[in-house]
Structure formats: C-alpha cells, structure tokens
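Participant: Predicted model and sequence below, questions to follow.
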Amino acid sequence: MGPATQQRHRTRARRPATSKPRPTVDDDGDVRCEACGSGDDADELLLCDGCDCGVHIFCLRPILPRVPAGDWFCPSCTTTTTTSAKSGAGTVIQTKMPKQFPLIQTKIVDFFKIQRGPPAAEPTEGKKRKRKALVVSKKKSRKLLPFTPSEDPVRRLTQMASLATALTATGAVFSNDLTYVPGMAPRSANSAALEAGGMQVLPREDVETLSLCKRMMERGEWPPLLVVFDPVEGFTVEADKCIKDLTIITEYVGDVDYLRNREHDDGDSMMTLLSASPSSKSLVVCPDKRSNIARYINGINNHTPEGRKKQNLKCVRYAVDGECRVLLVANRDISKGERLYYDYNGSEHEYPTHHFV
C-alpha cells in the first residue's frame, strides 16, 4: 500500500490595493521580521507582495509550513481584501475569528443538501449459513466502525454549522465525494491497478460501513466533530464526544486532478490519491473548491516526540471497487474535546512539519 501524503500550501491571493507601510530593516538594510524583530532564518522570511514587509513563516498566526510558491500578502494587507475568494482570485489567509454560520435548521439543511422526509430503512442482513470451525487459525481482521452521531439534534446542527462556517470563510462548498471536473483528471483515470507496488483493497464489510457513514450524513446524522478556529493553528477539528478506535472519521474528498498539473500549484491543501507507475498518471485530491471536514484536520509535528504523541488518526489509501479512496480513521480511542491530528507525511517525510505546534 502506498503511503498517503498531504501537501499543504496557501492559495494565491489577489494583490490588494493599499498604502504600503515601511518594512523594518536592520543597519545593513536587510529586512527583519515584523513579529519577532529578527533577520535570522532568511530562507523562511516571507516578503509581502503588497507592502514588502517581512514575516517568518513560523511567526505567522496561523503558521505556514513552508514558503508559498505564489504571491503572498501579510495579515495587514489581507485585511483590506474580503472578496477575493468569491471572485476566484484565491483564498486569503484567515487571521481572525470568522463570521459564524447561522444556527438555523433550514439554512443548514439547504447548505449541506440534507435529505428531507423520513429516512430510508437500512438494509437488513439475511440469514447467514453456519460454517464449520475450519478457519480458527486464521488471523481475525480488525473491522472499521461507523461513527456514532450525537443524539441531540440541536448539537448535530451546531456541528454542521461549525463546518459551514469554515467552508464559507475559505470560499469552498460542501462535497462528501470525489469530484471529477472537465479539464482535470477524468474518473476513468482513477484506477487502483495503476498504484506503484499495489494498493490495499478495502474489505467488503468495511466498504459497507463506509457506505453507511455516507448515508447517515445524507440524512443529517453527522459525525460528532466540531470545526473551531485557533489563532495559532487556524481552522482545526475536535471531537464533540468520545470516539472509539478504528472509527471512520471521514473520507478525504475534493476535485481529482493529475499531479503533473498541480506540482507548482498554490492550492490550500492536496492529498495523494494515486501514486502511479508511470508517475504521469499520479493523481491528487484538491479540496480548495469542494471539500468536507477532512480539509480542516491538522497535522502533527513529526520531528518531536511530543508532536507524534498528538496523532490520533491515520490516513490510509484503499482500493474500493477498483478506484482509489483516502480515509481518515481513528487509530486509538479519542476523548471528547480532543483535537484531531494525523501525520501528513505517511512514510515519505516530504512535507515540512517542524514548525507545527
């Protein structure tokens, strides 16, 4: 099974029209960080394309893991721009508490396209034939579990409203499936048979569990998760009730595109979907326009023991009916109020996380 690796970097923002403050410089004329006052770590010192002021990527709140490839604007410049995400110019870095989505049932139902009317009956299992105990020595596989929604419907609305707040603030719309857009990779390109080294097949029982989770969400039975805004980490996700080990948290979804089209893209976050042989057929998931809660689950600092201890999810790529899918699954019991984290790098260690908190 190929490792699942996420690449995160900020989207390109429109150049705001604003008067330029003078950047802070030292005696040698070198730019200093406006936050810490130091000119050290020059390779991690961003220069604003709007005012030429400098800020270290690790002094920003929320931090940036690496220097973005495209234009970047400091928080002072981005506060003058409020419509760039809607105008298609990219997503502005969120630096302050976003406007909350209204806790109104009809608005939330419409936003997530929740099914109206009585829920459809879940299929019942038929009578199973008893088998002789001839497979006792076979190792028992660990089955994935469906999430358990909060019983209080008002609490579920609160959870959905928190995700709607994050999606609205980042200029995205809700989607709970992989999407195939004209001009990007077609669905026929998503073939697990192309995975270099082969891809783990999701067992049939686990496929049924994943389908159950999807159906529950379609009728408004939401996973017990809250999206919260942290001034350091930005949008992040926490458990709103206890979650058991091996529970399916969510599928990582968004637009599917070829990696070759996105190698120099400043998309908000991308996830490896298919690591193909040949590499020209490799695919990534791009959740900047269409996404679900997976986009806001943060990564660990895998350079420190303390950072690694925070990991409570695993990111795994599976073959489902011949197609590649990416799942986030609890790798231990998670307490209520605990924030969710996984390792962006899998086993490839390509993504810089040394500045993560």
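Facilitator: Nice, I can see it.

Participant: Could you double-check that Pro186 sits in contact with Leu178?
Facilitator: No: counting by C-beta atoms under 8 Å, Pro186 stays clear of Leu178, with 11.8 Å between them. C-betas here are computed from N, CA, C, even on glycine.

Participant: okay, those two: which has more neighbours?
Facilitator: Leu178 (21 against 11; other C-beta atoms under 10 Å).

Participant: could you pull out the helices for the protein?
Facilitator: 75-78, 105-112, 153-169, 204-218, 305-309 (DSSP state H).

Participant: Which one of these lies nearest to Gly299?
Facilitator: Comparing the helices of the chain against Gly299 with C-beta to C-beta, the closest turns out to be helix 305-309 (9.0 Å).

Participant: Measure how far the closest one is from the centre of its chain, please.
Facilitator: 20 Å (C-alpha atoms, centre = their mean, to the nearest Å).

Participant: Tell me the spacing between the residue nearest to Lys289 when sequence neighbours are not counted and Tyr341.
Facilitator: Spatial nearest neighbour of Lys289, excluding adjacent residues (C-beta to C-beta, 6 or more residues apart in numbering): Ala172 at 5.8 Å. Relative to Tyr341, Ala172 is positioned 21 Å away (C-beta to C-beta, to the nearest Å).

Participant: in the stretch 101-250 of the chain, which segments are predicted with low confidence?
Facilitator: 117-141 (pLDDT under 70).

Participant: So Asp49 sits against Pro68, correct?
Facilitator: No: taking C-beta under 8 Å as the definition, Asp49 is not a contact partner of Pro68, at 10.3 Å.

Participant: Can you work out which residues contact both of those two?
Facilitator: Residues touching both Asp49 and Pro68 (C-beta atoms under 8 Å, 6 or more residues apart in numbering): none.

Participant: returning to what we had before: can you tell me how far the residue nearest to Lys289 is from Ile248?
Facilitator: Distance from Ala172 to Ile248, by C-beta to C-beta: 22 Å.

Participant: And Asp177, by the same measure?
Facilitator: 15 Å.

Participant: And these two? Which one has more around it.
Facilitator: Ile248 (20 against 12).

Participant: is it true that that one touches Leu144?
Facilitator: Yes: at 5.4 Å, Ile248 counts as touching Leu144 under the criterion of C-beta under 8 Å.

Participant: Mind listing the shared neighbours of those two?
Facilitator: With C-beta under 8 Å, 6+ apart, Ile248 and Leu144 have common neighbours 209-210, 327, 329.

Participant: most surrounded residue in those residues?
Facilitator: Leu327 (23 neighbours).

Participant: which phi and psi does Thr148 have?
Facilitator: phi -110, psi 110 (degrees, to the nearest 10).

Participant: Neighbours of it, how many?
Facilitator: 15.

Participant: And for it, nearest residue in space, chain neighbours not counted?
Facilitator: Pro224 (6.9 Å).

Participant: Tell me the spacing between that neighbour and Asp321.
Facilitator: For Pro224 relative to Asp321 (C-beta to C-beta), the value is 28 Å.

Participant: neighbour count winner among these two?
Facilitator: Pro224 (21 against 9).

Participant: which residues touch the most centrally placed residue in the chain?
Facilitator: The residue lying closest to the centre of the chain (C-alpha atoms, centre = their mean) is Arg295, at 2.0 Å. Residues counted as contacts of Arg295 (C-beta under 8 Å, 6+ apart) are 166, 170, 172, 254, 268-269, 287.

Participant: Can you tell me how far it is from Cys286?
Facilitator: Counting by C-beta to C-beta, the gap from Arg295 to Cys286 is 10 Å.

Participant: tell me, what's touching those two both at once?
Facilitator: What both Arg295 and Cys286 touch, as defined by C-beta under 8 Å, 6+ apart, is the set Gly254.

Participant: So what touches stretch 163-180?
Facilitator: 85-86, 91, 94, 98-101, 108, 111-113, 186-187, 190, 214, 217-218, 225, 227, 229, 235, 251, 253-256, 268, 273, 285, 287-293, 295-296, 325.

Participant: From one end of that stretch to the other, what's the distance?
Facilitator: Using C-alpha to C-alpha, to the nearest Å, the end-to-end distance of stretch 163-180 comes to 23 Å.

Participant: same deal with stretch 239-251?
Facilitator: 16 Å.

Participant: Off-centre distance for that stretch?
Facilitator: 15 Å.

Participant: Buried ones in it, by neighbour count?
Facilitator: 239-241, 243, 246-251 (16 or more other C-beta atoms under 10 Å).

Participant: Including distance to Leu194, could these go into JSON lines?
Facilitator: Putting those into JSON lines (distance: C-beta to C-beta, whole Å) gives the following:
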{"residue": "Ala239", "distance to Leu194": "35"}
{"residue": "Asp240", "distance to Leu194": "38"}
{"residue": "Lys241", "distance to Leu194": "39"}
{"residue": "Ile243", "distance to Leu194": "33"}
{"residue": "Leu246", "distance to Leu194": "28"}
{"residue": "Thr247", "distance to Leu194": "30"}
{"residue": "Ile248", "distance to Leu194": "25"}
{"residue": "Ile249", "distance to Leu194": "27"}
{"residue": "Thr250", "distance to Leu194": "25"}
{"residue": "Glu251", "distance to Leu194": "20"}
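
Participant: so where's the stretch 251-357 of the chain shaky on pLDDT?
Facilitator: Using pLDDT under 70, the stretch 251-357 of the chain drops low at 266-268, 301-303, 345-357.

Participant: What distance do you get for the residue nearest to the centre of the chain to Tyr180?
Facilitator: 18 Å.

Participant: And Leu144, by the same measure?
Facilitator: On the measure of C-beta to C-beta, Leu144 and Tyr180 end up 25 Å apart.
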